[in-house]
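Visitor: Provided below are the primary sequence and the corresponding predicted coordinates.
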Amino acid sequence: MNEIIEIIRWILGGAAVVFGAFVSVGNWITLIGVLVTKGSSSFVPLVGGVLAAIGLLILPIDCIWKWAWVPLVTDFGTIPLWTWAGIASLFNKANQSN
């Protein structure tokens, strides 16, 4: 029974990490495209970083849980995007009050 659970953890955790990494790379490609073309595009917020972090927590590897924060920081659609949006919002409010 434990072997079946471990196989399920490998499958689910691995799939979550791979899909999360795919979304994270897509977010960075979108950011580069927006910066280069000066246009607009849409990110997929939270999905990539959160999925990859959950996947790392599911994987049956000792001490991998210590690294579950890395996808949240490296995926532009998670912490970096929300930090940037918060700072931009503060600057907009400051400019509107002047």
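Guide: Thanks, I have it.

Visitor: need phi/psi at residue 73.
Guide: phi -90, psi -40 (degrees, to the nearest 10).

Visitor: that one and residue 83 touch, don't they?
Guide: No: contact between residue 73 and residue 83 fails when scored by CB atoms under 8 Å: they sit 10.0 Å apart. In short, each C-beta sits where N, CA and C put it, glycine included.

Visitor: the helix or strand of the chain with the lowest mean pLDDT packs against which elements?
Guide: The helix or strand of the chain with the lowest confidence, counting by mean pLDDT, DSSP states H and E, is helix 79-97 at a mean of 82. On a contact count with 3 or more CB pairs under 8 Å, 6 or more residues apart in numbering; DSSP states H and E, helix 79-97 meets helix 70-74.

Visitor: list the buried residues of the helix it packs on.
Guide: By neighbour count on 16 or more other CB atoms under 10 Å, the buried set for helix 70-74 is 71, 72, 74.

Visitor: alright, that wraps it up for me.
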